[in-house]
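Visitor: Quick check, what structure comes out for this input:
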Amino acid sequence: MRRFYQSLSEKDRRRYAAVEAFKLGWGGITYISQLFKCDNKPMREGMKELEQEEELNQSRIRQTGGGRKSAFETIEGLDAAFLRVIAQHTAGSPMDETVKWTNLTRQELAELLQSEGIAVSVTVVDQLLEKHHYRKRKAQKRLATGTHAQRNEQFENIARLKAADQAAGNPVLSMDTKKEN
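Guide: From the prediction side, this is the model:
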């Protein structure tokens with residue numbers, strides 16, 4: 001009986017103990033509480049449940065709304081901090097404005113949020129990425145077309161021009177002009 005009692009859920013334990021106490025009659029509650037090493041208060045609650053039809057038909061063990069609240073409900077400014085952190089690390093499709101991605105890993109995003117004073121797990125970061133419609137960018141393997149001695153110069157020139165325009169207060173747009181049909 002003890003092994004079976006230990007295998008039951010909380011609700012089923014108190015009901016099973018109540019049934020056994022009912023069978024014994026007078027002194028049954030004390031005997032069963034000693035046998036199962038349980039408090040008699042839940043057993044009495046189980047006795048009341050056995051007398052109520054709607055309680056017997058209930059399938060839930062605990063009431064609705066129990067458990068830990070979502071990070072979105074408990075952490076003030078989570079969305080705003082996430083968008084601030086990811087703003088400088090966002091890229092997107094030139095063909096579809098709804099497709100956007102980031103070059104940061106989930107762990108890096110969690111660490112950046114930590115530096116903002118918000119401690120979250122990578123699971124919450126996953127939920128934030130999904131909520132704000134970020135996709136995972138898949139690396140594409142392509143054959144190298146060769147190397148050139150001045151390959152890096154063009155990128156350094158672009159970075160220099162971008163920094164100069166931003167310092168002057170001018171907007172900077174990045175466009176991919178290699179559209180394939």
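
Visitor: alpha carbons only for contacts and neighbour counts from here, please
Guide: OK.

Visitor: From R14, how far off is the residue of the chain most remote from its centre?
Guide: Distance from the C-alpha centroid of the chain peaks at W26, with 51.1 Å (C-alpha atoms, centre = their mean). Computed as C-alpha to C-alpha, to the nearest Å, the W26 to R14 distance reads 18 Å.

Visitor: And for V172?
Guide: From V172 across to R14, the span is 68 Å (C-alpha to C-alpha).

Visitor: So in this protein, where's the weakest helix or strand by average pLDDT?
Guide: Least confident helix or strand, the chain: helix 53-56 with a mean of 67, by mean pLDDT, DSSP states H and E.

Visitor: Output the following helix or strand past that helix in PDB, but only the C-alpha positions, please.
Guide: Of the helices and strands lying after helix 53-56 in sequence (DSSP states H and E), the nearest is helix 71-74. C-alpha atoms of helix 71-74 as PDB (Å, rounded to 0.1, in the frame of the first residue of the first chain):
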ATOM      1  CA  ALA A  71       9.500  36.500 -18.100                       C
ATOM      2  CA  PHE A  72       7.500  38.700 -20.400                       C
ATOM      3  CA  GLU A  73       5.100  39.300 -17.500                       C
ATOM      4  CA  THR A  74       7.600  39.800 -14.700                       C
END
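
Visitor: ok now the longest helix seen in the chain, how far from the chain's centre?
Guide: Ranked by residue count under DSSP state H, the longest helix found in the chain is helix 151-167. Distance of helix 151-167 from the chain centroid (C-alpha atoms, centre = their mean, to the nearest Å) equals 39 Å.

Visitor: now stretch 127-139
Guide: 13 Å.

Visitor: Can you give me the domain boundaries for the protein?
Guide: Domain assignment for the chain by automatic domain parsing gives 2-56, 71-135.

Visitor: So for the longest one, first residue to last residue, what's the gap.
Guide: So the one you mean is domain 71-135. Distance between the two ends of domain 71-135: 21 Å, counting by C-alpha to C-alpha.

Visitor: Just the buried positions in the longest helix of the chain, please.
Guide: Going by neighbour count (16 or more other C-alpha atoms under 10 Å), the buried part of helix 151-167 is K162.

Visitor: can you give me the strands in the protein?
Guide: In the chain, the segments counted as strands under DSSP state E are 90-92, 100-102, 134-135.

Visitor: Adding mean neighbour count and distance to A159, write those strands out as CSV.
Guide: As requested, the strands of the chain are exported to CSV (neighbours: other C-alpha atoms under 10 Å; distance: least, C-alpha to C-alpha, whole Å):
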stretch, mean neighbour count, distance to A159
strand 90-92, 15, 16
strand 100-102, 18, 19
strand 134-135, 16, 25
